[in-house]
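In: coordinates only, sequence not included:
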């Protein structure tokens, strides 16, 4: 199996490029699977137990609002065994769904995508570094990222543009800058997302 880390800030096109790659590989007879990091968000009920509860909800999507230890442990076990089940994320309900994603031994390529899969300056994300065979990063102009995320979140949340933009600037773009700053030091391959790609 080939395990590939695909990092990128919010709105860079991680999910879209993964889907295109899996489709292309499958068309060539190479079974591939996608393992998103999104399923490792802390549950909202877990955020409620944090001392900084209000900040945790407001900053959901920041690296510390993910159960990174669970992610590292599960990924290490799945790579060792060649198979396993992982959680997905239900955006409608705002929480993970356990065991929704299946990785099988027949899969020859596994794309692990998420904001922080190359966040190796920070524990425990650093422990992911030795688990991947290749490390990719999607880069995108900041103004393009911002516009994509505003449009996506405005539709998802039913908010007006002004309210959505404020939340994006206070959270998503803060996360995006951290992702780019740290991930660029560890990426072995860089993919550029252009303004008209339509990735999300």
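Out: Yep, that arrived. Every value quoted in this text rests on a predicted model; they were computed, and no experiment measured them.
In: can you pull out the strands in this structure?
Out: Secondary structure of the chain (DSSP state E): strands at 2-7, 32-36, 84-90, 95-103, 109-114, 134-139, 189-192.
In: closest one to residue 165 among the ones you listed?
Out: strand 134-139 (22.1 Å; CB to CB). C-beta coordinates here come from the backbone N, C-alpha and C atoms, glycine included.
In: name the helices or strands packed onto the closest one?
Out: When contacts are defined as 3 or more CB pairs under 8 Å, 6 or more residues apart in numbering; DSSP states H and E, strand 134-139 packs onto strand 2-7, strand 189-192.
In: pLDDT of the first one, averaged?
Out: This means strand 2-7. Regarding strand 2-7, the rounded mean pLDDT is 99.
In: so what's the spatially most central residue of the chain bridging to?
Out: For the chain, residue 114 is the residue whose C-alpha lies nearest the centre (CA atoms, centre = their mean; 1.7 Å). Here residue 114 shows beta-bridge partners residue 7, assigned using DSSP bridges.
In: that one touches residue 39, doesn't it?
Out: No - between residue 114 and residue 39 there is no contact under CB atoms under 8 Å: 9.5 Å.
In: so how far is residue 43 from residue 85?
Out: Plainly put, residue 85 is 17 Å away from residue 43 if you go by CB to CB, to the nearest Å.
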